[in-house]
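Colleague: how would this look folded up:
(chains A and B)
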There are 2 protein chains.
Amino acid sequence: MNTTILSVDDVRTVIRHVGLNALMDETIDGIVDACREFEHNKFEVPIRQGFDYSVPEMGLLEWMPAMRIGGHATLKVVGYHPTNPSKRELPTILSVAMTFDTISGHMIGLVDGTFPTAIRTGAASAVASRILASKESKTLGLIGAGAQAVSQLHAISRVFDLEEVLVFDTDSEANRTFSQRVAFMDKTGLVITSCASEELVSRSDIICTATSVDIASGQVFDDSGLKPWVHINAVGSDFPGKTELPLSVLRRSLVCPDFSGQAVKEGECQRLSADEIGPDLVKIVNNAEVYSRYSGKPTVFDSTGWALEDHVVVDILIRHARELGCGTEVSIESVSADPRNPYGFSLSKSGYGDTVGNEVLASRPLRALP
Amino acid sequence: MNTTILSVDDVRTVIRHVGLNALMDETIDGIVDACREFEHNKFEVPIRQGFDYSVPEMGLLEWMPAMRIGGHATLKVVGYHPTNPSKRELPTILSVAMTFDTISGHMIGLVDGTFPTAIRTGAASAVASRILASKESKTLGLIGAGAQAVSQLHAISRVFDLEEVLVFDTDSEANRTFSQRVAFMDKTGLVITSCASEELVSRSDIICTATSVDIASGQVFDDSGLKPWVHINAVGSDFPGKTELPLSVLRRSLVCPDFSGQAVKEGECQRLSADEIGPDLVKIVNNAEVYSRYSGKPTVFDSTGWALEDHVVVDILIRHARELGCGTEVSIESVSADPRNPYGFSLSKSGYGDTVGNEVLASRPLRALP
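Modeller: Below is the predicted model:
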């Protein structure tokens, strides 16, 4: 009974064959479909849990489970270690994802979770923006030009005919390299400019905030000059105490969390009372016509990252990998010929009662009582 | 940055080189050490969570996290699917375990969790029995002669000089095959007999209950003729509503849960009020002299299976595998040369900006607005 292990080379092969655009489009569609199924109780998605710690480094290790009822379960494990880039030349987020069948409990597959996290976070913003933002949106503002900004722009560009991208980051290196990092999009005519936060805010139809702002260090832009129809994807708020938006903007906007239970703990919603929080992603997807009417008003998608989205993108990756014959099959779980013998597998490949095995196994003396 | 994947063949190699007895002894010692460290706040062990479902099969999929603070974290995923043996020739429990560093969030290793679960469940009973049972215990009674009974006997035999094992199972096949399944122990002079439940109960110094009794279907033996110093390892109770012991036995015994928060939900402790529940495993290990005084009185170890125990045994297995050079190194997490570019790894091995990659990636047309 094998588990499919997808190496990072396998994921690279999938991307090269399928294309980043197709993967993003499939994820966007997949999240919409999953939100429809969720509405009909076809998914179970508990709130994520994790360890947060200050030794050996400030960090967070979380596990994010999701299950399609009667189908399979996904568990993504994600580490958030802000010192990774500066101290270890690693991304802040390192992650793996695995899938399990719910017939026998067998582990089906293991795959990178870092790239899927980027794709699904972008895709979720695209889904929300498609419903809540003005259909005529041409200008996207990116506050924070790090890793997340790449997939935010990529995703939004798949559902809007963008003409201009305005970029602001407190780190000049991030500003400087951004256009190179999105060169793969190869979109002629798309103008990418870095500019001051004030200009960005006043000119953008859609804004994505994806910063590493410190806990309780305040808003990442001022509530001044925003377009009346602005839609904001608030991506960076994902930790108790960490928020990005001015409270006044939240208060006058329709605020849609991806997953309320999580957003009130970790997202922008932690600053709002229950009656200030709008419908969640599932609700707006399932009532898209109703909520599209808000596209002329200020709206916020409070994106904390939802395990349902991970389930979708991991499925897509594994399906393509299978079709392409990628991956290594490894037998991980010990299974004995006799299910009543938990050691049986170890004695010989044919079952228990292997004399040579027994001699090896019994070769140590009995342990004395303490 | 590689992850070590241990196949079931690798685990078999470890067992053949190290020996089942040595692995059991190291796990027993390791659990004692971990309980001492836990007392000094060196571990964090949240309560396990999971999915339980009735489609496609009645089953349970749980994740059990544990972290040595400043060290690494273990996550065991365990499936409990009672129809596995009859329908799929698989054990009821299928499990995998993985470890993560808490410096960067990197996944260190993946290994079978089924065999470690058997070992650590046995080892935990051995630790509790060594403190709570009579030091002169010679007769072990096993109620339920399935997979768990094998490692219960194995573990207890490492810390007591047993002379006789009495076995009772409602399934005659389980009774008949039990002595074959523990033949690896090769302990001359140890008499293994199956007998009626009444006889077993009246003659045993230590009893292990490890049955698959249905929820709310009542006790697995009667409170009649028990030795005044009997120690019971109650292993089978691991689900809300599922218990094995007569309430009267619980009420007159010192009941020690492995992990209170879990035992009151899933163990024998769910039938007791707070003041009827005794010290937990950590407390008896750290005050072994005090609680050894109960060895002349009836005592119960309420074992629901604790993630700390998994952390210990998984560590031992991975350490031996490393020493023996077992395992396959696979790079799972995507890491881009530029941590600000989540897609960078896919464009070329040397970084982003690969033209061939770009052409492949941009080959699909832009998606139309809905």
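Colleague: and the average pLDDT for the host helix or strand of A:R322 is what?
Modeller: In the assignment (DSSP states H and E), A:R322 maps to helix A:307-323. The pLDDT scores in helix A:307-323 average 97.
Colleague: now stretch A:216-232
Modeller: Per-residue pLDDT over stretch A:216-232 has a mean of 93.
Colleague: about what we covered before: could you confirm whether the helix or strand just after the helix holding A:R322 reaches chain B?
Modeller: Per DSSP H and E, the first helix or strand lying C-terminal to helix A:307-323 is strand A:328-330. Yes: using Cβ under 8 Å from any Cβ of the partner chain, strand A:328-330 comes into contact with chain B via A:328, A:330. All C-beta spots, glycine's among them, are computed from the backbone N, C-alpha and C.
Colleague: same question, stretch A:182-202
Modeller: Yes: remark: stretch A:182-202 sits within contact range of chain B at A:183-187, by Cβ under 8 Å from any Cβ.
Colleague: with adjacent residues omitted, what lies nearest to the most centrally placed residue in chain A?
Modeller: The centroid of chain A falls nearest to A:T117 when counting by Cα atoms, centre = their mean (3.3 Å). Spatial nearest neighbour of A:T117, chain neighbours left out: A:S95 (5.5 Å); criterion: Cβ to Cβ, 6 or more residues apart in numbering or on different chains.
Colleague: just A:Q219 next, same as before
Modeller: Per Cβ to Cβ, 6+ apart, closest to A:Q219 is A:P246, 4.5 Å.
Colleague: try A:A196
Modeller: A:F168 (6.8 Å).
Colleague: quick check: phi and psi on that neighbour?
Modeller: phi -140, psi 130 (degrees, to the nearest 10).
Colleague: got a pLDDT number for it?
Modeller: Looking at A:F168, the pLDDT reads 97.
Colleague: who's in contact with it?
Modeller: A:141-145, A:175, A:194-197, A:200 (Cβ atoms under 8 Å, 6 or more residues apart in numbering or on different chains).
Colleague: and A:Y294, how many neighbours?
Modeller: Counted with other Cβ atoms under 10 Å in any protein chain shown, the neighbours of A:Y294 add up to 20.
Colleague: so who does it touch?
Modeller: A:132, A:254.
Colleague: the residue nearest to A:T117 pairs with what?
Modeller: Bridge pairing for A:S95 (DSSP bridges) gives the partners A:V78.
Colleague: separation between it and A:H231?
Modeller: Using Cβ to Cβ, to the nearest Å, we find A:S95 at a distance of 27 Å from A:H231.
Colleague: looks like A:V201 contacts A:D222 (just checking).
Modeller: Yes: with contact defined as Cβ atoms under 8 Å, A:V201 counts as touching A:D222 (7.3 Å).
Colleague: between those two, which is the more surrounded one?
Modeller: Of the pair A:V201 and A:D222, A:V201 is the one with more neighbours under other Cβ under 10 Å, namely 24 against 13.
Colleague: identify the residue spatially nearest to the more buried one, adjacent ones excluded.
Modeller: Nearest non-adjacent residue to A:V201 (Cβ to Cβ, 6+ apart): A:F221, at 5.1 Å.
Colleague: related to what we said a few turns ago, which positions in the helix holding A:R322 come out as buried?
Modeller: Across helix A:307-323, burial judged by 16 or more other Cβ atoms under 10 Å in any protein chain shown covers A:307-318, A:320-321.
Colleague: can you tell me which of those lies nearest to A:S151?
Modeller: Using Cβ to Cβ, A:V313 comes nearest to A:S151 of these, at 11.0 Å.
Colleague: distance of the closest one from chain B?
Modeller: 12 Å (Cβ to the nearest Cβ, to the nearest Å).
Colleague: can you map out the strands along the stretch 201-350 of chain A?
Modeller: A:206-209, A:231-234, A:254-257, A:299-302, A:328-330 (DSSP state E, counting those that start in this stretch).
Colleague: and the last one, how far out from the chain middle?
Modeller: Spelled out, it's strand A:328-330. Put simply, strand A:328-330 sits 26 Å off its chain's centre (Cα atoms, centre = their mean, to the nearest Å).
Colleague: partner strands of that strand, parallel or antiparallel?
Modeller: For strand A:328-330, pairing defined by DSSP bridges yields strand A:3-5 (antiparallel).
Colleague: okay, the buried residues of helix A:307-323 in a markdown table with distance to B:G19 next?
Modeller: As requested, the buried residues of helix A:307-323 are exported to a markdown table (distance: Cβ to Cβ, whole Å):
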| residue | distance to B:G19 |
| --- | --- |
| A:A307 | 41 |
| A:L308 | 46 |
| A:E309 | 46 |
| A:D310 | 41 |
| A:H311 | 42 |
| A:V312 | 46 |
| A:V313 | 44 |
| A:V314 | 39 |
| A:D315 | 42 |
| A:I316 | 45 |
| A:L317 | 41 |
| A:I318 | 38 |
| A:H320 | 44 |
| A:A321 | 39 |
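Colleague: closest one of those to chain B?
Modeller: Chain B lies nearest to A:L317 out of the buried residues of helix A:307-323, by Cβ to the nearest Cβ, at 10.9 Å.
Colleague: dump the residue contacts of the closest residue to A:L247 other than its chain neighbours.
Modeller: Distance criterion Cβ to Cβ, 6+ apart; nearest residue to A:L247, sequence neighbours excluded, is A:R271 at 5.9 Å. Residues near A:R271 by Cβ under 8 Å, 6+ apart: A:243, A:247, A:250.
Colleague: counting neighbours, which of those residues comes out on top?
Modeller: A:T243 (28 neighbours).
Colleague: for the residue nearest to that one when sequence neighbours are not counted, grab phi and psi.
Modeller: Once flanking residues are discounted, A:T243 sits nearest to A:S237: 4.7 Å by Cβ to Cβ, 6+ apart. When read as degrees, to the nearest 10, the backbone of A:S237 gives phi -80, psi 110.
Colleague: same deal with A:H17?
Modeller: Dihedral angles (degrees, to the nearest 10) for A:H17: phi -80, psi -40.
Colleague: any idea how far it lies from B:V32?
Modeller: 53 Å.
Colleague: could I get the strands of the stretch 201-350 of chain A as a markdown table with mean neighbour count?
Modeller: Converted to a markdown table, those look like this (neighbours: other Cβ atoms under 10 Å in any protein chain shown):
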| stretch | mean neighbour count |
| --- | --- |
| strand A:206-209 | 28 |
| strand A:231-234 | 31 |
| strand A:254-257 | 25 |
| strand A:299-302 | 30 |
| strand A:328-330 | 15 |
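Colleague: would you list those strands in TSV and tack on distance to A:I215?
Modeller: Converted to TSV, the strands of the stretch 201-350 of chain A look like this (distance: least, Cβ to Cβ, whole Å):
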stretch	distance to A:I215
strand A:206-209	15
strand A:231-234	15
strand A:254-257	19
strand A:299-302	17
strand A:328-330	41
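Colleague: for A:E44, find the nearest of those strands.
Modeller: Nearest of the strands of the stretch 201-350 of chain A (Cβ to Cβ): strand A:254-257, 18.4 Å.
Colleague: and that closest one, how far out from the chain middle?
Modeller: The answer for strand A:254-257 is 18 Å, by Cα atoms, centre = their mean.
Colleague: stretch A:92-104 too?
Modeller: 13 Å.
Colleague: give me the mean pLDDT for it.
Modeller: Averaged across stretch A:92-104, pLDDT comes to 96.
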